[in-house]
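Participant: Got a predicted structure plus its sequence, pasted below:
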Number of protein chains: 2
Amino acid sequence: MADARTTPRGRPGEGRRTGGARAARGTRQRASHSLEAVVGEAVALLDEAGESALTFRALAARLGGGVGSIYWYVSSKDELLDLAGDHVIASVLAATEGRTGAEDPLDDVRATAVAFFDAVVVRPWLGARFLGNTEQQPNGMRLYERLGQQVMRLGMPPRQSFEAVSAVLGFVVGTAADLGRQSTAHGLDRDGDLARHVEQWRSLDEREFPFVHFVLGEFATHDDGEQFRAGLDLLLAGLRLQARG
Amino acid sequence: MADARTTPRGRPGEGRRTGGARAARGTRQRASHSLEAVVGEAVALLDEAGESALTFRALAARLGGGVGSIYWYVSSKDELLDLAGDHVIASVLAATEGRTGAEDPLDDVRATAVAFFDAVVVRPWLGARFLGNTEQQPNGMRLYERLGQQVMRLGMPPRQSFEAVSAVLGFVVGTAADLGRQSTAHGLDRDGDLARHVEQWRSLDEREFPFVHFVLGEFATHDDGEQFRAGLDLLLAGLRLQARG
DNA sequence: GTTCGGTATCGAACGACGTTCGGTAATATA
DNA sequence: TATATTACCGAACGTCGTTCGATACCGAAC
């Protein structure tokens, strides 16, 4: 019934200063923000302490202002998270710009996919949030388009091209979100966490779980990035096969 | 510092009745639950009205009891969601049991993957939650094992087998979570939502977004399930290639 | 039949959260 | 100087997950 995602009430003027020089005359001092400052601090808060740390009160304190002020730039927490996600994607996009143009289109696809994966895997909040939202945000669309342009070079019909890009993007986001949760979920005790996990696997009955024991050694020594790239290569190999056939 | 996921304080006796006959004598009536009832109603609540509808108060009302009682069976909302997820996976596992044994192992992998996808895509709450948690819950492990046993039949070394299963599971969960959000996010206006989405794509500049326009028609008429299966087939094709080489 | 300890339930209360709203200062416009 | 617009502020509201002491139920022990 009620429509989610209402439009914001207002937006700040464009020429606003970021917050440097402000004259405190006689009365209480006021902070001055900007949309970039709000989103930037939100991302910093998320990266430093995880999704649960992003609170309007905490963010306001960081900006040196009041809670209510944030609502002038953003209409809800949902929108703030969207903007934060889009902000990160924009930086990934900018960092990898102009690096396309290898003779093999799939090499370009791989490079973009890996860059995006690396950005998401260290940001659990991004992965969880971006599922299903990728194609609704401006920079998400740019990412989609960039992958698509490389796939177009394979010369497949629209349907197959569409499915290919969706598959790659789904795999990247999904796997990154998957692995991101495990690695940096609650702190930095990656090794201890993994060791405990391995122990749990080892304790499973070998007759009932033959496969788990078959790959136990690999699991204990695996690297998230390698695991991702191996899966991506499987997908790209299938894609190449289809492009030829 | 503080360890997440503490152990529950207590667990109910096994032989408890589900709640049928209870004699109200002179005083106020008391409800009697059971772990299965709690988890079952939680799943029902999630399926009917989405993740935001699962509230301890709403759940208590549904069970005809008080808020505090739920904590006798479950130590936190996080654990409740884990149990709910595991409960659904168990039913998928049961529904597809014994259907393995095709001559082609990859056909078995595909069948299991599709069944799991279908269960997740209609449950946005499951997809978002299961990222990174799949391998930490009993039935998640069973699912992992079942896929693994089929992959083992391909005769690849442990490392490749491990990577293959992780890739397939990552793709399934990721894509399902991805597509699940779009489809049933806020109601049943799937068509209207898609149409609005298509319009948004069409409004993008054709010179800047050639690929988007190239696949616009496919996007407008696409089916989530087909899209998933197409991507899965790409992945499995790559896997077959690797198994042979 | 009374006592007693484990089992199971209850709801008031707490603190944190997202969000709203009336108000106020600063700035631009006239 | 008067007025409108822009930007900001923080108390207050309602909801949420969670805690806690109180209370009932029950079979076993005495």
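Facilitator: Sure, I can see it.
Participant: what's the domain layout of chain A?
Facilitator: A:1-75, A:99-244 (automatic domain parsing).
Participant: tell me the most buried of the ones you listed?
Facilitator: Of the domains of chain A, the one with the most neighbours on average (mean count of other CB atoms under 10 Å in any protein chain shown) is domain A:99-244, at a mean of 19. All C-beta spots, glycine's among them, are computed from the backbone N, C-alpha and C.
Participant: Give me the contact status of that one with DNA strand D.
Facilitator: No. Domain A:99-244 stays out of contact with DNA strand D when judged by CB under 7 Å from any atom of the strand, the minimum separation being 14.1 Å.
Participant: That domain and DNA strand C in contact?
Facilitator: No. Domain A:99-244 lies out of reach of DNA strand C by CB under 7 Å from any atom of the strand, never closer than 12.2 Å.
Participant: got a list of what A:Glu51 touches?
Facilitator: By CB atoms under 8 Å, 6 or more residues apart in numbering or on different chains, the contact list for A:Glu51 reads A:Pro124, A:Trp125, A:Ala128.
Participant: chain center to the longest helix seen in chain A, what's the gap?
Facilitator: Using DSSP state H, we find that the single longest helix of chain A is helix A:158-184. With CA atoms, centre = their mean, to the nearest Å as the basis, helix A:158-184 stands 11 Å off its chain's centre.
Participant: report the angle between the axes of it and helix B:158-184?
Facilitator: 110 degrees (axes from the mean of the first three to the mean of the last three CA atoms, to 10 degrees).
Participant: following helix A:158-184, which helix or strand shows up next?
Facilitator: Reading on from helix A:158-184 to the C-terminus, the next helix or strand found by DSSP states H and E is helix A:190-202.
Participant: close to chain B, is the helix or strand that that following helix is followed by?
Facilitator: Next along the chain after helix A:190-202, taking DSSP H and E as the criterion, comes helix A:210-214. Yes. Contact of helix A:210-214 with chain B (CB under 8 Å from any CB of the partner chain) involves A:Pro210, A:Phe211, A:Val212, A:Phe214.
Participant: where are the low-confidence patches of chain A?
Facilitator: Applying pLDDT under 70 to chain A flags the ranges A:1-28, A:131-132, A:181-189.
Participant: any idea how far whichever residue of it sits closest to DNA strand D lies from A:Glu79?
Facilitator: As assessed by CB to the nearest atom of the strand, DNA strand D sits closest to A:Gly68 within chain A, at 1.5 Å. A:Gly68 sits 16 Å away from A:Glu79, going by CB to CB, to the nearest Å.
Participant: Next: A:Phe56.
Facilitator: Between A:Phe56 and A:Glu79 the distance is 12 Å, computed by CB to CB.
Participant: and A:Arg110, how far is that from DNA strand C?
Facilitator: 37 Å (CB to the nearest atom of the strand, to the nearest Å).
Participant: and that residue, what is it in contact with?
Facilitator: A:Arg229, A:Leu232, A:Asp233, A:Leu236.
Participant: Next, A:Pro105: phi, psi?
Facilitator: Main-chain torsions, A:Pro105, degrees, to the nearest 10: phi -60, psi -40.
Participant: repeat for A:Asp104
Facilitator: A:Asp104 adopts backbone torsions of phi -100, psi 120, taken as degrees, to the nearest 10.
Participant: B:Phe214 versus that one, what's the distance?
Facilitator: 20 Å.
Participant: same deal with A:Arg99?
Facilitator: 22 Å.
Participant: do A:Gly231 as well
Facilitator: Counting by CB to CB, the separation of A:Gly231 from B:Phe214 is 26 Å.
Participant: just A:Asp178 next, same as before
Facilitator: 30 Å.
Participant: ditto for A:Glu218
Facilitator: 40 Å.
Participant: go on, A:Asp47?
Facilitator: Computed as CB to CB, the A:Asp47 to B:Phe214 distance reads 36 Å.
Participant: for chain A, what spans make up the helices?
Facilitator: All helices of chain A, identified by DSSP H, fall at A:35-49, A:56-63, A:67-73, A:77-95, A:105-121, A:124-130, A:138-152, A:158-184, A:190-202, A:210-214, A:216-221, A:224-244.
Participant: out of those helices, which comes closest to B:Val43?
Facilitator: helix A:124-130 (20.6 Å; CB to CB).
Participant: Apart from its chain neighbours, what residue comes closest to A:Ser161?
Facilitator: A:Val151 (5.2 Å; CB to CB, 6 or more residues apart in numbering or on different chains).
Participant: pretty sure that neighbour is touching A:Ala113, no?
Facilitator: No. A:Val151 is beyond contact range of A:Ala113, at 11.5 Å (criterion: CB atoms under 8 Å).
Participant: Could you find the closest non-adjacent residue to the closest residue to chain B within chain A?
Facilitator: Closest to chain B within chain A is A:Gly174: 1.0 Å, counting by CB to the nearest CB. Excluding the flanking residues, the one nearest A:Gly174 by CB to CB, 6+ apart is B:Gly174, at 1.0 Å.
Participant: isn't the one you found right up against A:Val173?
Facilitator: Yes. In this structure B:Gly174 lies within contact range of A:Val173 using CB under 8 Å: 5.9 Å.
Participant: Dump the domains of chain A to CSV, plus distance to B:Gly155.
Facilitator: Listed next are the domains of chain A as CSV, based on distance: least, CB to CB, whole Å:
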stretch, distance to B:Gly155
domain A:1-75, 42
domain A:99-244, 12
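Participant: Can I get stretch A:157-165 as CSV, trimmed to CA atoms?
Facilitator: The C-alpha coordinates for stretch A:157-165 follow below in CSV (Å, rounded to 0.1, in the frame of the first residue of the first chain):
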residue,chain,number,x,y,z
PRO,A,157,22.7,-11.9,-29.9
PRO,A,158,21.1,-9.6,-27.4
ARG,A,159,19.5,-12.3,-25.3
GLN,A,160,22.7,-14.1,-24.7
SER,A,161,24.6,-10.9,-24.1
PHE,A,162,22.0,-9.8,-21.5
GLU,A,163,22.2,-13.2,-19.7
ALA,A,164,26.0,-13.2,-19.8
VAL,A,165,26.4,-9.8,-18.2
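Participant: what residues does that stretch touch?
Facilitator: By CB under 8 Å, 6+ apart, the residues outside stretch A:157-165 that reach it are A:144, A:147-148, A:151-152, A:154, A:156, A:239, A:242, B:211, B:214-215, B:217-219, B:222, B:227, B:230-231, B:234.
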